[in-house]
Each structure stands twice: as C-alpha cells, then as structure tokens.
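> sharing a model that was predicted from the sequence below.
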Amino acid sequence: MNLQNLTHIASQSGGILYLMAIMLFVVLTVIIERSRSLARLQKRGDRITRATTALADLGPVALRELCVQAEGLPHEALLQIPLHHPEIRDPQRLGELMEEAIMIEIPHVDRNLWVVDTIITLAPLLGLLGTIIGMFNAFQVLGHPGTAPSHVTGGVAEALIATASGLFIAILGVVSFNTLNQRVREVVHQLETISRALSNRAHAPRRRSAQGANVNEATRVGMQPAAGEA
C-alpha cells in the first residue's frame, strides 16, 4: 500500500484517519514517558521505603540522609515533615500532615494519564464516525450508471479501516493504561507505608527517654539504705 492509497483511504473517512494518526502519536508519547518515569520512581521509592521502615526512631541525621536519597521524589515531601516539625510527637497529628502531603503529591505521580484515558474512549468513536462517512461515500457510487458491485464492496472495506484503527488505538491504550495505573498504585502504597512508619515512630525517642528515666529512678531508690539500716 503506497502513499497515494493511504491518502485516498484517509480522504474517504472524511479526514478522521489523519486525526487518529495524531492521537496514536500522542498516546504513544505519553505511554513511553510515563512508563520510564514511573519505573524509575517505583525503583527508587522502593529503596526509600525499605530504609524508612528500618528506622528505629525519627532521628534527624537519619531523616536528612533519607531526604538526600529521595531528592526529587514525592517520598521526600513526607520525610521532610518530621524534620520541619520536630515538636510534633502526636502520631495522629503527624499522620494528618503526611496524608495532606500525599494528596498534594498524587497529581504529580499520575499526571497525563487522563490523556490516555480520553483517547481510549474517543478512538473507537472516531473510528466509527470515519466508517460511517466512508460508507456514505461508498454507497453514493450506486447512483452512477454502470457501477460494478466491486466498487461498492471496495469502498466498504476501505471505510472499515477507520473502525479497525480506532479499536487498535483503544486496545493499545487500555493495556498501557492499566499497567501504568498499577505502577501508580504501587507508588501510592509506598507513600502510605512511609507515612505509617513515620507515625509509628513519632513517640520512639520520647519513649526511650522515659524508660531511661524510670531505670535511673529505680536504681536511685535501690541504692538508698532501708529505714532499719539507718
């Protein structure tokens, strides 16, 4: 099939195939960009999540090291909260602040996926519209005297190319959209895991200090002579 035939088929669809070629280019661009970005984000985020859950408490030195490792990731926004608010030791309050940070970061994680979702819905509809326009053009040939039936069937076959193109774009988009959505869910799960880990460790330094004070008090009392020995 040469360029002239492709141009003829595109014109038979009322120019719909030109629009669908643009849609295919756009959806492939978004899919490739989001796949590479989310793959890197998921891989680096997994390391940050494991390092955060391995923390014994919210020590500032360890948190700063994690922030350096998470630079440029949405995970960094969560790790910054205990550093910027060291006075907060209430796990519920700390969890609320991190939940707010997660809500702010999620639109950056799944950005441009709405484009793929829109094209998935639009491509089959445009393909059907192109086929309808092609069918009109094919059956108009019947009004000409001496028209062979092959002319009509050939026009119908060309008109169906628009529907096939729309279905191809939709199938490609659905598979890619579900894959990208799964990666987004995994990144969000990482953020929620970090949020819960930091909230659970909000009282760790204070708890250890209180235990140390209790041990010192017990030691001091134990060292005092009994009343009968004085």
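Looks like it arrived, so ask away. Owing to the predicted nature of the structure, the values given are computational and were not obtained by experimental measurement.

> show me what contacts the spatially most central residue of the chain?
Centroid-nearest residue in the chain, with CA atoms, centre = their mean: Val184, separated by 3.0 Å. Neighbouring residues of Val184 by CB atoms under 8 Å, 6 or more residues apart in numbering: 38, 109-110, 113. Where C-beta positions appear, they are placed from N, C-alpha and C, glycine not excepted.

> go on, His75?
Counted by CB under 8 Å, 6+ apart, His75 has contacts 45, 48-49, 190-191, 194.

> as a markdown table, these with distance to Ala170 would be great.
A markdown table is the format used below for the contacts of His75 (distance: CB to CB, whole Å):
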| residue | distance to Ala170 |
| --- | --- |
| Gly45 | 31 |
| Ile48 | 36 |
| Thr49 | 35 |
| Gln190 | 31 |
| Leu191 | 31 |
| Ile194 | 36 |
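
> out of those residues, who's the most crowded?
Ranked by the number of neighbours (other CB atoms under 10 Å), those place Ile194 first, at 26 neighbours.

> quickly find the element holding that residue.
Assigned by DSSP states H and E, Ile194 belongs to helix 149-200.

> give me the distance between the residue nearest to Gly127 when sequence neighbours are not counted and Ser37.
Nearest-residue entry for Gly127: Gly166, 2.2 Å, with adjacent residues in sequence omitted and distances by CB to CB, 6 or more residues apart in numbering. According to CB to CB, to the nearest Å, Gly166 and Ser37 sit 27 Å apart.

> neighbour count for the two, which is higher?
Using other CB under 10 Å as the criterion, Gly166 and Ser37 rank with Gly166 on top: 25 against 15.

> dump the residue contacts of the more buried one.
By CB under 8 Å, 6+ apart, the neighbours of Gly166 are 20, 123-128, 130.

> with distance to Phe177 and neighbour count as new columns, can the residues you listed be given to me in JSON lines?
Formatted as JSON lines, the contacts of Gly166 follow (distance: CB to CB, whole Å; neighbours: other CB atoms under 10 Å):
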{"residue": "Met20", "distance to Phe177": "17", "neighbour count": "23"}
{"residue": "Ala123", "distance to Phe177": "12", "neighbour count": "24"}
{"residue": "Pro124", "distance to Phe177": "14", "neighbour count": "17"}
{"residue": "Leu125", "distance to Phe177": "17", "neighbour count": "11"}
{"residue": "Leu126", "distance to Phe177": "18", "neighbour count": "21"}
{"residue": "Gly127", "distance to Phe177": "18", "neighbour count": "25"}
{"residue": "Leu128", "distance to Phe177": "20", "neighbour count": "15"}
{"residue": "Gly130", "distance to Phe177": "23", "neighbour count": "28"}
